[in-house]
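**Q** structure for this input, please:
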Amino acid sequence: MKDGVEQSPPAAEAPTRLMYLAHMRVPSPRAHTHQIMQMCEALADEGCEVTLLCGRIGRGGSQAPDPWEAYGVKRNFALEPMPSLDLAALSRRLPRSLRPVVLGLLWAQSLLVYSLAIALRLRREDRAIVYSRDALPLWILARLWPGRAERLVFEAHTCPSRWPGKSLRRDLARRIGAMVVVTRNLQRRLHERGISPRRVLVAHDGVRLARFALDGDRRAWRAKLDWPTEAFIVGYAGRLETLDMDKGVAFLASAVAELATDPGRRWAHLALVGPSERELESLRSGSPAGMFLSLGWIHPARLPGILRAMDVCAIPFPWTEHLAYDASPLKLFEYMASGTPIVASDLPAIAEVLRHEWNALMVPPGDLQAWGQALRRLRDEPGLGDRLARQAAFDVREFSWDIRARRVVELLHAAEG
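**A** Purely as a prediction, here's the structure:
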């Protein structure tokens, strides 16, 4: 009460309304879909009212049909499908040599249709923050409504080197309120190309730590999977390619095959989580019989136990500009949380998180001898692996989705202001 007049309690602050744009099918086996669903959950946990505007909702391969169940996330955000074209099936009728070109054209056409549908959907959402990993729909919104451009936030995972991608990114960065990048090296490369927004946040990808709070040691989880108890198992989770770039799994298979020939040592296996049987056909050629333990696509809830059952988690990426400087792979943080020691290619982006002999063994990419030596060290020195894994599990606490979302929300509030 002030001067005899009863004061009304302050009105509760309205939550930040966040429209997350994602030109993708949900569910999908691709890692970026997993990242987006995890971030939407974490942003909603931080108090945002989140709506994910996706390309379409539908069953994909062996994926569960319910998007929230498929990714093991809470139903604390809305998911709304938008019109988009899905013409990839038509390309299967074409000669294999033409498919990449046709798929690229179909993808661009689908993205344009999606972007125009987004513009219609958001014409009245003038107070919402619009967030996306897709540059084109944000650029269209910034051009249509320049007065709302301050409320647009772009999350960059690549650094385009060709026109028109580079030109569009540069113009977008000048117009929007803020940008999120997933590595410090990516921030530097964008700046070198003239893409430097007024506000930029470096936020590596992350992991939901609660998923990895497991009971049972390596032996117990191997028994559940019916994996050989005494074998030395090197594991890899993910697809064999990204952005049409090889991720080094065939190279890793060669390194594990060499271990399998060591006389008097534990038999070596390569456990692969994600690749289909069709994708594995070429890997099996020339490898020792029985070397592969293949699981195909699995529900995300099963992944922590599978990683726990491995002796080593590997990131065998070759050197490419994208993998070296721009990539923040989800598997990196899941490996760290799993309690299993890591061997990884010594690339600048990965070195932002991992340190050689501290929380992982870092090996020159493509060096078969060095990879063999690193794997043998972890096979023959169990104390080394235990020490590295404990440190990685401690260090990964800085990279939870919750912490990442909290930092992004602070950026969103600045954009709102």
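**Q** what sits against Leu303?
**A** 211, 237, 273, 334 (Cβ atoms under 8 Å, 6 or more residues apart in numbering). Using the backbone N, CA and C atoms, a C-beta is placed for each residue, glycine as well.
**Q** now, these that are in strands?
**A** Among the contacts of Leu303, DSSP state E puts 237, 273 in strands.
**Q** could you dump the contacts of Leu303 into TSV with distance to Ser28 added?
**A** Shown next, in TSV, are these (distance: Cβ to Cβ, whole Å):
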residue	distance to Ser28
Arg211	19
Ala237	16
Val273	16
Glu334	18
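**Q** tell me which two in the contacts of Leu303 are the farthest apart.
**A** Within the contacts of Leu303, two members stand farthest from each other by Cβ to Cβ: Arg211 and Val273, at 14.5 Å.
**Q** for PyMOL, write the select line for the buried members of the contacts of Leu303.
**A** This is the PyMOL syntax for the buried subset of these, where burial follows 16 or more other Cβ atoms under 10 Å:
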select buried, resi 211+237+273+334
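**Q** show me what the helix or strand harbouring Lys224 is packed up against.
**A** Secondary structure assigned from DSSP states H and E places Lys224 in helix 218-225. In terms of contacts (3 or more Cβ pairs under 8 Å, 6 or more residues apart in numbering; DSSP states H and E), helix 218-225 is packed against helix 303-308.
**Q** quick one: the helix it packs on to chain centroid distance?
**A** Helix 303-308 sits 17 Å away from the centroid of its parent chain (Cα atoms, centre = their mean, to the nearest Å).
**Q** go on, stretch 147-166?
**A** Counting by Cα atoms, centre = their mean, stretch 147-166 comes out at 18 Å from the chain centroid.
**Q** list the buried residues for that stretch?
**A** 148-160, 166.
**Q** what comes up buried for stretch 189-205?
**A** Applying 16+ other Cβ under 10 Å to stretch 189-205 flags 189-190, 195, 197, 200-205 as buried.
**Q** inside strands: which ones of those?
**A** 200-202.
**Q** which regions of the stretch 301-417 of the chain sit below the pLDDT cut-off?
**A** Scanning the stretch 301-417 of the chain for pLDDT under 70 picks out 417.
**Q** now swap in the stretch 1-150 of the chain and tell me
**A** 1-13, 58-65, 85-94, 96, 99-100.
**Q** show me where it has its helices.
**A** Using DSSP state H, counting those that start in this stretch, the helices of the stretch 1-150 of the chain run over 31-45, 67-71, 88-91, 99-121, 135-144.
**Q** for the last one, which helices and strands make contact with it?
**A** Meaning helix 135-144. strand 17-26, helix 99-121, strand 129-132, strand 152-156, helix 165-175.
**Q** can you point out the buried residues in that helix?
**A** 135-142.
**Q** and the longest one, by the same measure?
**A** Within helix 99-121, the residues that count as buried by 16+ other Cβ under 10 Å are 102-103, 106, 110-118, 121.
**Q** what's the closest of these to Ala22?
**A** Using Cβ to Cβ, those come closest to Ala22 at Tyr114, 9.3 Å.
**Q** touching, that closest one and Ala22? I think so.
**A** No. The pair Tyr114 / Ala22 is not scored as a contact, 9.3 Å apart, by Cβ atoms under 8 Å.
**Q** hey, what's in contact with both of the two?
**A** In contact with both Tyr114 and Ala22: Gly55, using Cβ under 8 Å, 6+ apart.
**Q** contacting residues for the spatially most central residue of the chain?
**A** With distances taken as Cα atoms, centre = their mean, the residue of the chain nearest its centroid is Leu330 (4.1 Å). Applying Cβ under 8 Å, 6+ apart to Leu330 gives the contacts 31, 34-35, 205, 207, 238.
**Q** can you add distance to Val353 and give those back as CSV?
**A** Converted to CSV, these look like this (distance: Cβ to Cβ, whole Å):
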residue, distance to Val353
Ala31, 16
His34, 18
Gln35, 15
Asp205, 10
Val207, 11
Gly238, 16
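**Q** now the buried members of those residues.
**A** By 16+ other Cβ under 10 Å, those give 31, 34-35, 205, 207, 238 as buried.
**Q** please name the nearest non-neighbouring residue to Arg404.
**A** Of all residues not flanking Arg404 in the chain, Gly206 sits nearest, at 4.7 Å (Cβ to Cβ, 6 or more residues apart in numbering).
**Q** check contacts around the one you found.
**A** Counted by Cβ under 8 Å, 6+ apart, Gly206 has contacts 38, 333, 399-401, 403-404.
**Q** again, only this time at 10 Å
**A** The contact partners of Gly206, by Cβ atoms under 10 Å, 6 or more residues apart in numbering, come to 35, 38-39, 42, 328, 330, 332-334, 337, 396, 398-405.
**Q** got a quick ChimeraX command for the buried subset of these?
**A** A single ChimeraX command selects the buried members of the contacts of Gly206 (16+ other Cβ under 10 Å):
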select :35,38,39,42,328,330,332,333,334,337,396,399,400,401,402,404,405
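**Q** tell me, how many neighbours does the residue lying closest to Gly55 once chain neighbours are set aside end up with?
**A** Using Cβ to Cβ, 6+ apart and skipping the chain neighbours, the partner closest in space to Gly55 is Ser84 (4.1 Å). Neighbours of Ser84 under the rule other Cβ atoms under 10 Å: 22.
**Q** just checking, Ser84 touches Ala108?
**A** No. Shown here, Ser84 and Ala108 do not form a contact pair, counting by Cβ atoms under 10 Å, at 11.9 Å.
**Q** related to what we said a few turns ago, between the ones in strands among the buried residues of stretch 189-205, which is closest to Lys224?
**A** Val202 (38.5 Å).
**Q** how far away is the nearest residue to Arg222 once chain neighbours are set aside from Pro137?
**A** The shortest distance from Arg222 to any non-neighbouring residue, by Cβ to Cβ, 6+ apart, is to Ala309 (4.7 Å). Distance, Ala309 to Pro137, using Cβ to Cβ, to the nearest Å: 41 Å.
**Q** Trp107 too?
**A** 14 Å.
**Q** overlap in contacts, those two.
**A** In contact with both Trp107 and Pro137: His23, using Cβ under 10 Å, 6+ apart.
**Q** tell me how many other residues crowd the residue nearest to Thr51 when sequence neighbours are not counted.
**A** Using Cβ to Cβ, 6+ apart and skipping the chain neighbours, the partner closest in space to Thr51 is Ala78 (4.4 Å). Number of residues near Ala78 (other Cβ under 10 Å) recorded here: 14.
**Q** CSV for the buried residues of stretch 189-205, including pLDDT and distance to Arg170?
**A** Formatted as CSV, those follow (pLDDT from 0 to 100; distance: Cβ to Cβ, whole Å):
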residue, pLDDT, distance to Arg170
Arg189, 92, 13
Leu190, 92, 9
Ile195, 85, 5
Pro197, 78, 10
Val200, 93, 14
Leu201, 96, 19
Val202, 97, 19
Ala203, 97, 21
His204, 98, 24
Asp205, 97, 24
